[in-house]
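S.K.: kindly return the folded structure for what I paste below:
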Amino acid sequence: MVLSKTLFCFTMMAISVVAGYFLFRKNPRESLISRGPLFIVCFLVFFYVGFAQLPMWLPDLFGHFLGHSIFSDSPGDNFIRLDRPWWLNRWLSTVRVVYLWIVLAGIAWALVNVLQRRAWKLNALSVIVGFLVEVAHSYLRGCFPICL
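M.R.: Numbering: from 1, shown residues only. Here you go, the predicted model:
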């Protein structure tokens, strides 16, 4: 376990939680409906970055739960795979896809809020930022297909 990297992961996730608290603390029901897309598109990325890196910095914990090393692909593998280990092949790709679908849902939610004129400036910003996140991911996926 690398303490500084582990603290970085939990700090990134904490930033997301604290941002959510300050974003939704006044009139929680109305602010959740109107500011939810902003949180999903702009602040959930911090949770995603911290959560996606956890297996790399807590390999013993994840290895205990999995029953094999995060650097192998299954319990039957007795060797370390350098091409596509578990954390890259299964963990990171799954977390990335789930995050991108959540961002798409946030964009759709923001569009509905813009059409209903509910906090339309924040939601228009959410649509633009979400679109930029999706375009950047598509571009990076094309340039670095192994890493993303």
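
S.K.: now do the helix or strand harbouring A105: everything it contacts.
M.R.: Per DSSP states H and E, A105 falls inside helix 93-115. Helix 93-115 is contacted from outside by 33-34, 36-38, 40-41, 44-45, 48, 51-52, 119-120, 123-124, 126-127, 130-131, 133-134, 137, 148, using Cβ atoms under 8 Å, 6 or more residues apart in numbering. Where you see a C-beta, it was placed from the backbone N, CA and C, and this is true even at glycine.

S.K.: which secondary structure elements does the helix or strand just after it contact?
M.R.: Heading C-terminal from helix 93-115, the first helix or strand you meet, by DSSP H and E, is helix 120-143. For helix 120-143, the elements it packs on are helix 28-38, helix 93-115, judged by 3 or more Cβ pairs under 8 Å, 6 or more residues apart in numbering; DSSP states H and E.

S.K.: buried residues in the very next helix or strand once past the shortest one?
M.R.: Think helix 28-38. Per DSSP H and E, the first helix or strand lying C-terminal to helix 28-38 is helix 44-57. The neighbour-count check on helix 44-57 (16 or more other Cβ atoms under 10 Å) flags 44-57 as buried.

S.K.: centroid-nearest residue for this structure?
M.R.: Nearest residue to the geometric centre of the chain (Cα atoms, centre = their mean): Y48, 2.3 Å.

S.K.: measure the residue lying closest to it once chain neighbours are set aside to L54 for me?
M.R.: Nearest non-adjacent residue to Y48, counting by Cβ to Cβ, 6 or more residues apart in numbering: Y99, 4.6 Å away. Per Cβ to Cβ, to the nearest Å, Y99 is found 14 Å from L54.
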